[in-house]
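Enquirer: Sequence first, then the predicted structure, then my questions.
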Amino acid sequence: MHLRLGTRGSALATTQSQHVADAVVEAAAARGVDLEVGLEIVTTHGDTSKASLVGLSTTGVFVNALRDHLLDGGCDLIVHSLKDMPVEPHPRLDLAAIPVREDVRDALCTTGPRLEELPAGARVGTGSPRRAAQLRRVRPDLEVVDIRGNVDTRLGRVGDDLAGVVLAAAGLSRLGRLESATELISVDVMVPAPGQGALAIEIRQDAEPALRELVSALDDAPTRAAVTAERAALQVLEAGCSAPIGAHATVTGGQLRLDLRVMNASGSLQLNEVARGPVREAAAVGRAAAHALLGRGASRLMGAG
């Protein structure tokens, strides 16, 4: 049996897709099925555009081409970074598995100084409005620079025209580059993006039951509950993946806690909300937190400078 797994072509995307492919093969072997999974590289608009990620704020910029390839029969399953996915379900696709989540934290990569040790005026690069806003809040004396490029391109600028860059710890870990991180920033200081550190595997709704069973074996219930709460909050706030919003849910036993943060672009203003509830009501917990922030003026805040 042979499956085709659609993925973006970056080193990070192919690495994490290969992890998924290996896990599917392992799940098949446990069921006595001899399976091969090959990667199908798909180029997305987010990969070809040279514009700032802020300018490419349309949700799904890294997702739509993969979905089209899957729907056209070019592959059997696709892998996304969950934080890049639109929150609205696709009418013809199923989110069949969300594997165990990696580290949710953001990583500061410098030539040595930690965030609090960087000199005033130091240039720190990020392509994320969420990271930029939180950097500006804790270190308003830094110059935050908008950057694009893959992980190696960004790291290559450290010590050159930038004093540091902020990247997802999960991506560095998957690439075997976590040693490049000078500091893993506490989630209290920099709340992660909704879904950060998690992968998502989509299949067609008409997929064969055998494929659905294999892929669903990779699903991790606590991770799914946590990201469900985070993404439910994002959906209520009606914001895309580039909005200055942080959401971090944790699961302990049968209970879930969600920390939600909304900021203005400069980071000078922010609202925080904590919501708790049973894991089985993860989406409701997320919606409740978001509605609470909307009641406190979150919409105006996100539109402020």
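Expert: Received, thanks.

Enquirer: could you pull out the helices for the chain?
Expert: 11-30, 45-48, 64-71, 129-138, 151-156, 169-174, 209-216, 221-237, 282-295, 298-302 (DSSP state H).

Enquirer: tell me which residues of the fourth one are tucked away?
Expert: Under the neighbour-count criterion of 16 or more other CB atoms under 10 Å, helix 129-138 has 129, 130, 131, 132, 133, 134, 135, 136, 137 buried. All C-beta atoms are positioned from the backbone trio N, CA, C, and that covers glycine.

Enquirer: Of the residues you listed, just say which sits nearest to residue 171.
Expert: Residue 171 lies nearest to residue 131 out of those, by CB to CB, at 13.0 Å.

Enquirer: residue contacts, the closest one?
Expert: Counting by CB atoms under 8 Å, 6 or more residues apart in numbering, residue 131 makes contact with 106, 166, 190.

Enquirer: Same list (the residues you listed) but as TSV, adding distance to residue 155, pLDDT and neighbour count.
Expert: Below are the contacts of residue 131 laid out as TSV (distance: CB to CB, whole Å; pLDDT from 0 to 100; neighbours: other CB atoms under 10 Å):
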residue	distance to residue 155	pLDDT	neighbour count
106	14	99	29
166	11	98	26
190	19	98	25
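
Enquirer: Tell me which helix or strand in the chain has the weakest average pLDDT.
Expert: One helix or strand of the chain scores below all others by mean pLDDT, DSSP states H and E: helix 45-48, with a mean of 55.

Enquirer: any idea which of the helices of the chain scores lowest on pLDDT?
Expert: Lowest mean pLDDT within the helices of the chain: helix 45-48, a mean of 55.

Enquirer: okay but residue 301 is in contact with residue 272, surely?
Expert: No. Residue 301 lies out of contact with residue 272 (CB atoms under 8 Å); the separation is 11.4 Å.

Enquirer: Thanks again, I'm all set now.
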